[in-house]
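Colleague: Generate a structure from the sequence data that follows.
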Amino acid sequence: MSGPVSPTRANCIDHAVPLPVVDSIRDVVGASNVLAGEDAEIPDLGSNSVACGAGIVVAPSSTGEVAAVVRICRQNEIPIVPQGGRTGLVDGTVSRPGEIVLSMARMNRIERLDPLERVAVVGAGVTLEALQTAAFEHRLEPGIDLAARGSATIGGMVSTNAGGVMAFRNGVMRHRVVGLEAVLADGSIYSDLTRVVKNSAGYDLKHLFIGAEGTLGIVTRVVVKLDPSPRATATALFGLPSVEAALQTIRLALESGAGHLRAAEAMWTSYFSLAAAALGWSEPGVPLDQPLFLLLSLGGANEEALREDFERIYSEVMERYPETTGIIAASRRQEDDLWRLREDTGVLYRTHPHAPSFDVSVPLSEIPSYLDRILPGLAAIEPGLAPYVFGHLADGNLHIILNQGPLAPDVAQAVDSVLYQQLREIGGSFSAEHGVGSKRIQSLLATADPTKLAAMELVKRALDGQSIMNPDKVLPSDAWYVRSSRPPNASDQNDE
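Modeller: Just a heads-up that it's a prediction; the model follows:
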């Protein structure tokens, strides 16, 4: 089984969406909100190099319009690829000829933001940054943050179960969603816009759509839980000799008496040195040769008290690890400069334009042995092959980007084997927060529990029997169609 193949220009012409279907969709959303032909030649971020993609982009403005478009597509067996901010890294929004792209860009209203209830009801096209800005006016925040905040949309973050820097404390998107609305493959509307946390009224079906990447339905509106934002923050950078030292530092920060830990971002030396050089960053007290750098953020009521707590943490770490170095940001500018080192990961792709990236979760106690295993494992595949490692250390999410690429198929397979070996057995995951998309389908099939895969296929078949919802993402459409074309029997059930 293989993922989708990039189309050619001839394919774009041969498999165009029929004009009567396009006209019907124009009648629903308005002619100006349907882009076709050359006007629709937008890139599918991070993936397909062929500009035409689906060849038609539709931008509805309401759940009702989404439902009407879905019904038209279902009647004509036209696949639908939903798109939000297109910041994904696993080709989850790649489109092909004969499909339509359903852009959520116009569904960008914050419909309700209640400071007493501490919830916000938003359209799927609202960006994280827009929600953060609106919530901050009431000293609230959505409890989730990531570098792509300016373009990542709430609907896309729900669909990919986004994580980010605060997940160790506040959970991932699954834990921030109180209710949602989605359009199913038959055009019906699943509406569960509950604004309360306590709700034990039957199956909590919203979780089917969180992390499903648009394969089970299209998320159109979301109720997001908000938390009080701290009145002050402080940031410190530690240079540390080992993962164990970093985890001990995080533990001390979690015990802060002046506030609470908001972020714990690790950067191994190869990544940190590259980022520092590219951004022209240097500090006399922070040599670049430490094995590991840890960026910590505390939030609380008083900035001076937070900095004093960082001094305490630094002293306690120094007692145990005398080689520790570090700096406590003395100004907002210095704080921003430190965060830019972590968040401007574009420096990697400017240095290695075709660098493959990976996103794994590893239990904290297993991280040292995991790294000890993969570093020589990668080097054994090909001379000079090495990773840049960084990520959200407090929850074990490591981002791994290679210094070579693109990789030959056999090399790519060997790399997957090294990075994903034993992850499931030790309680980790090959995809921490990026999802599966079309790029990681084979990784899912190779590592997931067979019963889980069978259950996923049953759910997909029940909700999207035609496989028109973001086909060939998460699960390969052709694989389960082959199985579903045969009547179930005992041998099939045993195979599953």
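Colleague: Please make it C-alpha for all contacts and neighbour counts, starting now.
Modeller: Fine.
Colleague: Nearest residue to V158 in space, please, no chain neighbours.
Modeller: Ranked by C-alpha to C-alpha, 6 or more residues apart in numbering and with sequence neighbours excluded, the top spatial neighbour of V158 is I210, at 5.1 Å.
Colleague: do you know how far the one you found is from Y349?
Modeller: 29 Å (C-alpha to C-alpha, to the nearest Å).
Colleague: More neighbours: which of those two?
Modeller: I210 (25 against 14; other C-alpha atoms under 10 Å).
Colleague: Now do the same contact list for that one.
Modeller: V158, S159, T160, N161, M173, R174 (C-alpha atoms under 8 Å, 6 or more residues apart in numbering).
Colleague: Starting from the strand or helix carrying V219, tell me the next helix or strand along the chain.
Modeller: Assigned by DSSP states H and E, V219 falls within strand 218-225. Next along the chain after strand 218-225, taking DSSP H and E as the criterion, comes strand 227-228.
Colleague: That following strand pairs with which strands, parallel or anti?
Modeller: Strand 227-228 sits in its sheet next to strand 140-141 (antiparallel), going by DSSP bridges.
Colleague: Can you tell me the centre-most residue of this structure?
Modeller: For the chain, H434 is the residue whose C-alpha lies nearest the centre (C-alpha atoms, centre = their mean; 3.6 Å).
Colleague: With P383 as the reference, measure out to it.
Modeller: Shown here: H434 relative to P383, a distance of 28 Å by C-alpha to C-alpha.
Colleague: Can you show me the CA trace of the host helix or strand of T451 as PDB?
Modeller: In this structure, T451 sits in helix 450-463 according to DSSP H and E. C-alpha atoms of helix 450-463 as PDB (Å, rounded to 0.1, in the frame of the first residue of the first chain):
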ATOM      1  CA  PRO A 450      -4.000  -4.300  14.800                       C
ATOM      2  CA  THR A 451      -7.200  -4.100  16.700                       C
ATOM      3  CA  LYS A 452      -6.900  -0.300  16.800                       C
ATOM      4  CA  LEU A 453      -6.500  -0.200  13.000                       C
ATOM      5  CA  ALA A 454      -9.500  -2.400  12.500                       C
ATOM      6  CA  ALA A 455     -11.600  -0.200  14.800                       C
ATOM      7  CA  MET A 456     -10.400   2.900  12.900                       C
ATOM      8  CA  GLU A 457     -11.400   1.300   9.600                       C
ATOM      9  CA  LEU A 458     -14.900   0.400  11.000                       C
ATOM     10  CA  VAL A 459     -15.400   4.000  12.100                       C
ATOM     11  CA  LYS A 460     -14.200   5.400   8.800                       C
ATOM     12  CA  ARG A 461     -16.500   3.000   6.900                       C
ATOM     13  CA  ALA A 462     -19.500   3.900   9.000                       C
ATOM     14  CA  LEU A 463     -19.100   7.700   8.800                       C
END
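Colleague: And it, what's buried?
Modeller: For helix 450-463, a neighbour-count test (16 or more other C-alpha atoms under 10 Å) marks L453, M456, E457, K460, R461, L463 as buried.
Colleague: now the helices for the stretch 251-400 of the chain?
Modeller: Secondary structure of the stretch 251-400 of the chain, counting by DSSP state H, counting those that start in this stretch: helices at 269-279, 303-320, 332-343, 346-351, 367-381.
Colleague: thinking again about what came up before, with the buried residues of helix 450-463 in mind, which one is nearest to M107?
Modeller: Within the buried residues of helix 450-463, the smallest distance to M107 is 23.7 Å, found for L463 (C-alpha to C-alpha).
Colleague: Confirm for me that the closest one is in contact with L184.
Modeller: Yes - with contacts counted by C-alpha atoms under 8 Å, L463 reaches L184, the gap being 7.1 Å.
Colleague: Overlap of the contact sets of these two?
Modeller: By C-alpha under 8 Å, 6+ apart, the residues touching both L463 and L184 are L216.
Colleague: quick check, distance from the strand holding V219 to the centre of its chain.
Modeller: Distance, stretch centre to chain centre, for strand 218-225: 16 Å (C-alpha atoms, centre = their mean, to the nearest Å).
Colleague: Could you list the domains of this protein?
Modeller: If you go by automatic domain parsing, the domain ranges for the chain are 9-103, 110-228, 232-344, 347-447, 450-495.
Colleague: With mean pLDDT as extra columns, can I get those domains in TSV?
Modeller: Shown next, in TSV, are the domains of the chain (pLDDT from 0 to 100):
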stretch	mean pLDDT
domain 9-103	82
domain 110-228	96
domain 232-344	96
domain 347-447	94
domain 450-495	73
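Colleague: coming back round to it: closest to R231 out of the helices of the stretch 251-400 of the chain?
Modeller: With C-alpha to C-alpha as the criterion, R231 lies closest to helix 303-320 of these, at 8.3 Å.
Colleague: buried set for that closest one?
Modeller: Quick answer for helix 303-320 (16+ other C-alpha under 10 Å): E303, A305, L306, R307, D309, F310, I313, Y314, V317, M318.
Colleague: which among these gets closest to A408?
Modeller: After measuring the buried residues of helix 303-320 against A408 - C-alpha to C-alpha - the closest member comes out as V317, at 43.8 Å.
Colleague: What's the separation between the closest one and G326?
Modeller: Distance from V317 to G326, counting by C-alpha to C-alpha: 11 Å.
Colleague: same question, T235
Modeller: As defined by C-alpha to C-alpha, T235 lies at a distance of 11 Å from G326.
Colleague: Comparing those two, which residue is more hemmed in?
Modeller: Using other C-alpha under 10 Å as the criterion, T235 and G326 rank with T235 on top: 26 against 19.
Colleague: Return the residues in contact with the nearest residue to that one once chain neighbours are set aside.
Modeller: Nearest residue to T235, sequence neighbours excluded (C-alpha to C-alpha, 6+ apart): S297, at 4.5 Å. S297 sits next to T233, A234, T235, A236, L261, R262, A263, A264 when contact means C-alpha under 8 Å, 6+ apart.
Colleague: can you pull the contacts of the residue lying closest to the last one once chain neighbours are set aside?
Modeller: It refers to A264. Spatial nearest neighbour of A264, excluding adjacent residues (C-alpha to C-alpha, 6+ apart): L296 at 4.7 Å. Shown in contact with L296 (C-alpha under 8 Å, 6+ apart): T235, A236, L237, L261, R262, A263, A264, E265.
Colleague: repeat that with 7 Å
Modeller: T235, A236, L237, A263, A264, E265 (C-alpha atoms under 7 Å, 6 or more residues apart in numbering).
Colleague: try V360
Modeller: Contacts of V360 by C-alpha under 7 Å, 6+ apart are N397, L398, H399, S429, F430, S431, A432.
Colleague: In JSON lines: those residues, plus neighbour count and distance to R118.
Modeller: Conversion of the contacts of V360 to JSON lines gives the following (neighbours: other C-alpha atoms under 10 Å; distance: C-alpha to C-alpha, whole Å):
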{"residue": "N397", "neighbour count": "30", "distance to R118": "28"}
{"residue": "L398", "neighbour count": "22", "distance to R118": "31"}
{"residue": "H399", "neighbour count": "23", "distance to R118": "32"}
{"residue": "S429", "neighbour count": "21", "distance to R118": "32"}
{"residue": "F430", "neighbour count": "25", "distance to R118": "34"}
{"residue": "S431", "neighbour count": "20", "distance to R118": "30"}
{"residue": "A432", "neighbour count": "22", "distance to R118": "28"}
